[in-house]
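J.: when you get a sec, could you give me coordinates for this:
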Amino acid sequence: MKSLFEQQGEFFKAMGSPSVADGVPLTECVSLSYSLIWEEVVDETLRALNKYKADPSLENKVELADVLLDSVYVLLHCAHSIGIHF
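T.: The predicted model follows:
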């Protein structure tokens, strides 16, 4: 059985995500990862956490869970794109 990390790698490759393994310059991979991390992990996660803290409703909890999962995908994408495999 393939690990989640391996499955994500296959998904990113199928989606045409840039990767140093495919000859894409490291600077391009890092720039994309930086933008995605800033948007999902910093902006969206902090916004959702604050919203849930102010109102711990089911709707806000679901939104927070969605943002957290997106953050995991973005971080896994970063690792794959720059050749970090764990």
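J.: report the contact partners of S81.
T.: F12, S17, P18, S19, V20, V24, C29, L32, S33 (C-beta atoms under 8 Å, 6 or more residues apart in numbering). Yep, even glycine has a C-beta here, placed from its N, CA and C like the rest.
J.: what sits against I84?
T.: Taking C-beta under 8 Å, 6+ apart, we find I84 in contact with C78.
J.: if I look at G23, how far off is C29?
T.: As defined by C-beta to C-beta, to the nearest Å, G23 lies at a distance of 11 Å from C29.
J.: those two: which is more packed in?
T.: Set side by side, G23 and C29 show more neighbours around C29, with 22 against 7, by other C-beta atoms under 10 Å.
J.: which element, helix or strand, includes that one?
T.: Here C29 sits within helix 26-37, counting by DSSP states H and E.
J.: the helix or strand just after that helix - contacts with which helices or strands?
T.: Going down the chain from helix 26-37, the next helix or strand is helix 45-54, by DSSP H and E. Judged by 3 or more C-beta pairs under 8 Å, 6 or more residues apart in numbering; DSSP states H and E, the packing partners of helix 45-54 are helix 58-81.
J.: check the offset of the helix it packs on from the chain's centre.
T.: Relative to its chain's centre, helix 58-81 lies at 6 Å (C-alpha atoms, centre = their mean, to the nearest Å).
J.: need the buried ones from the contacts of S81 selected in ChimeraX.
T.: The following ChimeraX line selects those of the contacts of S81 that are buried, judged by 16 or more other C-beta atoms under 10 Å:
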select :12,17,18,19,20,29,32,33
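J.: spatially central, which residue of the chain would that be?
T.: Compute the mean C-alpha point of the chain, and by C-alpha atoms, centre = their mean the closest residue is V74, 1.0 Å away.
J.: so that residue makes contact with L36?
T.: Yes - between V74 and L36 there is a contact at 4.6 Å, judged by C-beta atoms under 8 Å.
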